[in-house]
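Asks: Coordinates for the following, if possible.
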Amino acid sequence: MRRVAAVICAVFLLFAAVPRARAASGGAVELPVIMYHHLHKSASRWGDFIVSPEVFEGDLRYLRERGYHAVSLRELDAYLTGAGGLPEKPILITFDDGQESFLEYAVPLLETYGMCAVLAVVGAYADRDTGTEHNVAYSYLSWDQLAELARNPRVELQNHSYDMHDFSPRHGSRINRGETRTHYADAFGGDASKNDRLLVERAGVVPLGYACPFGYYTEDTREVLRDIGYRFVFTCENRVNRLERGAEGTVRLDRFNRSARVDRGAFFAKIMPKP
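Replies: Below you'll find the predicted structure:
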């Protein structure tokens, strides 16, 4: 049922694609994935996980000038199953946590530059900030705002746990020392499934991807997500992904965190092949 619903939801993202190049030839494609978090106007807040809206805009311009095209998870799934192609220079843009700055700053820039992005949502944060007074400097998106974003073809909402974005009682989604696999599957799987249901019920989307809190990931993590029905799992490893056509199960996607402490040229040199 979950897989059927995912296919139905895919039609809402068909016109999100940027101008298409011919389908990539061969059986594999290299895919860099960029991970953003919060956008903030104040320089005093910039750091490893916060950049300015101007930095984000500059990154989009840099990518466009070099012929890169942002793709969605549904396009990736279609490529892997042989149902579709990808641009010659695909890239995946992701935002973790679900802060209101994504709606305020990122979405207009995505529309301006003809890009799309994944927004991985922490359900407990959306619950907490629904019905409260909001401030773009620190608030998280409410469920009403997320439902609005779900209708935007530039945005894909995905799962970032319901309430595991914390270092206690476990480090994110990591299995604890001495914890049985059965207990871990119940705890982690229950949390992921809860947020999955909320995304369906409150935002009207069926997520294909799960972003592991703090990037903690094991094969047990992937096994639980596969059993739930997730197609993709995001880590925080700094590697360019090589995707093979015909890949089955839950596909791992490694990501490069965009820090304000690294200049644009140095950052993109890590993820782009030399000319």
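
Asks: Let me know the secondary structure of Val136.
Replies: Classification of Val136 into helix, strand or coil gives coil, according to DSSP: H, G, I helix; E, B strand; the rest coil.

Asks: Could you count how many residues lie near it?
Replies: A count of neighbours around Val136, defined by other C-beta atoms under 10 Å, yields 16. To be clear about C-beta, it is placed using only N, CA and C from the backbone, and glycine gets the same treatment.

Asks: Ala28 now?
Replies: One way to gauge burial is a neighbour count; for Ala28, by other C-beta under 10 Å, it gives 13.

Asks: Could I get the full set of helices for the stretch 101-250 of the chain?
Replies: Shown for the stretch 101-250 of the chain, the helices assigned by DSSP state H, counting those that start in this stretch span residues 107-113, 123-129, 143-150, 181-198, 219-228.

Asks: Go through these and pick out the most buried.
Replies: Burial among these, expressed as mean neighbours by mean count of other C-beta atoms under 10 Å, is greatest for helix 123-129, which shows a mean of 20.

Asks: So for stretch 155-166, what gets flagged as buried?
Replies: By neighbour count on 16 or more other C-beta atoms under 10 Å, the buried set for stretch 155-166 is Val155, Glu156, Leu157, Gln158, Asn159, His160, Ser161, Tyr162, Met164, His165.

Asks: ok, and the closest non-adjacent residue to the first one?
Replies: Spatial nearest neighbour of Val155, chain neighbours left out: Leu149 (4.8 Å); criterion: C-beta to C-beta, 6 or more residues apart in numbering.

Asks: thinking again about what came up before, tell me the two of the buried residues of stretch 155-166 that are most distant?
Replies: With distances taken as C-beta to C-beta, the most widely separated pair in these is Val155 and Met164, at 22.7 Å.

Asks: pretty sure Phe268 is in contact with Leu60, am I right?
Replies: No. Taking contact to mean C-beta atoms under 8 Å, the distance of 11.8 Å between Phe268 and Leu60 leaves them out of contact.

Asks: helices or strands up against the strand of greatest length in the chain?
Replies: With residue count as the measure and DSSP state E as the assignment, the chain has strand 90-97 as its longest strand. Identification of packing neighbours for strand 90-97 by 3 or more C-beta pairs under 8 Å, 6 or more residues apart in numbering; DSSP states H and E yields strand 28-31, strand 33-36, strand 69-70, helix 73-81, strand 117-121.

Asks: could the ones you listed go into a markdown table alongside mean pLDDT and distance to Gly98?
Replies: Putting these into a markdown table (pLDDT from 0 to 100; distance: least, C-beta to C-beta, whole Å) gives the following:
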| stretch | mean pLDDT | distance to Gly98 |
| --- | --- | --- |
| strand 28-31 | 93 | 23 |
| strand 33-36 | 98 | 12 |
| strand 69-70 | 98 | 19 |
| helix 73-81 | 97 | 16 |
| strand 117-121 | 98 | 4 |
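
Asks: what's the closest of the ones you listed to Gly246?
Replies: Nearest to Gly246, of the helices and strands packed on strand 90-97 and by C-beta to C-beta, is helix 73-81 at 7.0 Å.

Asks: which one is Leu158 nearest to, not counting chain neighbours?
Replies: Not quite, residue 158 is Gln, not Leu. On the basis of C-beta to C-beta, 6+ apart, the spatially nearest residue to Gln158 that is not a chain neighbour turns out to be Gly209, at 4.1 Å.
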